[in-house]
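Undergrad: Curious how this folds, go ahead:
(one chain, ligands or ions: 1)
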Amino acid sequence: MANLKLTPGVITGNALKDLFAYCKEADCALPAVNVIGSSSANAALAAAKEARSPVIIQLSHTGSQFYAGKTLDNSQQQASIAGAIAGALHVRTLAKVYGVPAVLHTDHCAKKLLPWVDGVISAGEEYFARHGEPLFSSHMLDLSEQSLDENLDISSRYLTRIAKMNMTLEIELGVTGGEEDGVDNSGIGHDKLYTSPEDVLRAYDLLSPIGSFTVAASFGNTHGVYAPGNVKLKPTILRDSQQTIQAARKTGPEPVNFVFHGGSGSTKAEISEAVSYGVVKMNIDTDTQWAFTQPIKKFMDDKGAYLLSQLGNPEGPDKPNKKYIDPRGWLAIGEKGLTGRLVEAFKDLGSFGRFDF
Ligand SMILES: [Zn+2]
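TA: Numbers count the residues shown, from 1 in each chain. Below is the predicted model:
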């Protein structure tokens, strides 16, 4: 099928819905990378440029806090709110300069963190009043620790609020295993790691009349990279959920947009299978963290003798080390590593070169 034509800048509203619809039809998905500052955000934009595909750039709660600076008081979520806004404005300014389309998203927000997303939504409403479009494209709520009733009740209230700005809400049904961002689900019972198609149907019935939403369903996926064999990945849960809804509500094929959390460490075959069942977004964090840090470690090891003092290295006692000490040198190496890993993710997800902009 023909490539989807997009405009550089942040994709919101109906353009985002069209983008997800295209992904399902073209059997591809977009990587969603967690960024923590300008280095990782710029590296993600560079990857989108190289892959000729839009990228989803997301900020977690602690990623937003880090964006603002770890020394700031965050007792009222003020640092995480300001950091998320700063990150969004950064991406909004630079996506156009890189000439790439980007989706702006906030990652996991548990019940106790709702004041964080409340603050970001309020800023988004002010932005919407001035610019006629929301600051972010979408937000995620992760109420998977709550009962299904409470999860869907709170999710529908938030979707009602952000649907006024034509935004999309990502919800979580079932629990993503493993540990990320201070949330540790590594000890959770195996039954919670698999979402039931009936739960997805309930979410569909409640949320689809309100607005646009995506579902992070659990099919044995885990955050982080662990030795294989512990939890079995069952992407067929996604297929069965699509078929359950299609049959019960007489919809077209693949009525739900699924999100694959814990993409790091998954095999290419597992990724392709999940994408074939209507996954439009795959989160990647641990693998891109590794790709950023690993080449910096190599640089530090290789240039260790140049980093012991400002003057003096193996070439002579008076030789200056300024060019090795400058953090721009090794940060650029980390950025290049992240970009390379993300380009690989675009290829795994089938989105490499599938767009024109
Ligand atoms: Zn996640």
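
Undergrad: I'd like to know how many residues surround the closest residue to Gly252 other than its chain neighbours.
TA: Closest residue to Gly252 apart from its sequence neighbours, by C-beta to C-beta, 6 or more residues apart in numbering: Gln246 at 7.2 Å. In short, each C-beta sits where N, CA and C put it, glycine included. Neighbour count for Gln246, taken as other C-beta atoms under 10 Å: 15.

Undergrad: the strands in the stretch 1-150 of the chain, which residues?
TA: Counting by DSSP state E, counting those that start in this stretch, one finds strands in the stretch 1-150 of the chain at the ranges 4-5, 9-10, 30-34, 55-59, 101-106, 138-140.

Undergrad: tell me the contacts of the nearest residue to Gln242 once chain neighbours are set aside?
TA: Of all residues not flanking Gln242 in the chain, Glu254 sits nearest, at 5.0 Å (C-beta to C-beta, 6+ apart). Residues near Glu254 by C-beta atoms under 8 Å, 6 or more residues apart in numbering: Lys24, Gln242, Gln246, Tyr277, Gly278.

Undergrad: Using CSV, write out every CA atom in stretch 134-148.
TA: Extracted C-alpha coordinates of stretch 134-148, given in CSV (Å, rounded to 0.1, in the frame of the first residue of the first chain):
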residue,chain,number,x,y,z
PRO,A,134,-3.2,20.0,22.6
LEU,A,135,0.4,20.1,24.0
PHE,A,136,0.6,16.3,24.1
SER,A,137,-0.9,13.9,21.6
SER,A,138,-1.9,11.4,24.3
HIS,A,139,-1.5,10.4,28.0
MET,A,140,-1.3,7.0,29.7
LEU,A,141,-3.1,6.0,32.9
ASP,A,142,-1.9,2.8,34.5
LEU,A,143,-4.6,1.8,37.0
SER,A,144,-3.9,-1.9,36.6
GLU,A,145,-3.4,-2.2,40.4
GLN,A,146,-7.0,-1.1,40.9
SER,A,147,-10.1,-3.3,40.3
LEU,A,148,-11.3,-3.3,36.7
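
Undergrad: The strands of the stretch 1-150 of the chain into CSV, with extra columns for mean pLDDT, mean neighbour count and distance to Asp326?
TA: As requested, the strands of the stretch 1-150 of the chain are exported to CSV (pLDDT from 0 to 100; neighbours: other C-beta atoms under 10 Å; distance: least, C-beta to C-beta, whole Å):
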stretch, mean pLDDT, mean neighbour count, distance to Asp326
strand 4-5, 97, 14, 41
strand 9-10, 98, 20, 32
strand 30-34, 98, 27, 26
strand 55-59, 98, 28, 26
strand 101-106, 98, 25, 28
strand 138-140, 98, 24, 37
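
Undergrad: of all the ones you listed, which lies closest to Phe346?
TA: When these are compared by C-beta to C-beta, strand 30-34 sits nearest Phe346, at 6.2 Å.

Undergrad: any idea of the angle the closest one forms with strand 55-59?
TA: 30 degrees (axes from the mean of the first three to the mean of the last three C-alpha atoms, to 10 degrees).

Undergrad: in its sheet, what does strand 30-34 sit against?
TA: Strand 30-34 has its sheet partners listed here by DSSP bridges as strand 55-59 (parallel), strand 279-284 (parallel).

Undergrad: Compute the inter-axis angle for it and strand 101-106.
TA: Using the same axes, to 10 degrees: strand 30-34 against strand 101-106 is 50 degrees.

Undergrad: Show me the contact partners of strand 30-34.
TA: 19, 23, 40, 44, 47, 53-60, 63, 103, 105, 107, 259, 263, 280-285, 288, 338, 342, 345-346, 349, 351.

Undergrad: next one: that strand to chain centre, how far?
TA: 4 Å (C-alpha atoms, centre = their mean, to the nearest Å).

Undergrad: Can you show me the CA trace of it as CSV?
TA: This file holds the C-alpha atoms of strand 30-34, laid out as CSV (Å, rounded to 0.1, in the frame of the first residue of the first chain):
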residue,chain,number,x,y,z
LEU,A,30,5.8,2.7,15.9
PRO,A,31,8.5,2.6,18.6
ALA,A,32,7.8,4.7,21.7
VAL,A,33,11.0,5.7,23.4
ASN,A,34,11.3,7.1,26.9
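
Undergrad: what sits up against stretch 330-340?
TA: 33, 39-40, 42-44, 46-47, 50, 288, 291-296, 299-300.

Undergrad: Would you show me how to pick out the buried ones of the residues you listed in PyMOL?
TA: Buried members of these, defined by 16 or more other C-beta atoms under 10 Å, are picked up in PyMOL with:
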select buried, resi 33+39+40+42+43+44+46+47+50+288+291+292+295+296+299
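
Undergrad: So for Asp149, which of the strands paired with strand 30-34 sits nearest?
TA: Of all the strands paired with strand 30-34, strand 279-284 sits nearest to Asp149, with 25.8 Å by C-beta to C-beta.

Undergrad: Which SSE is immediately downstream of the closest one?
TA: helix 286-302 (DSSP states H and E).
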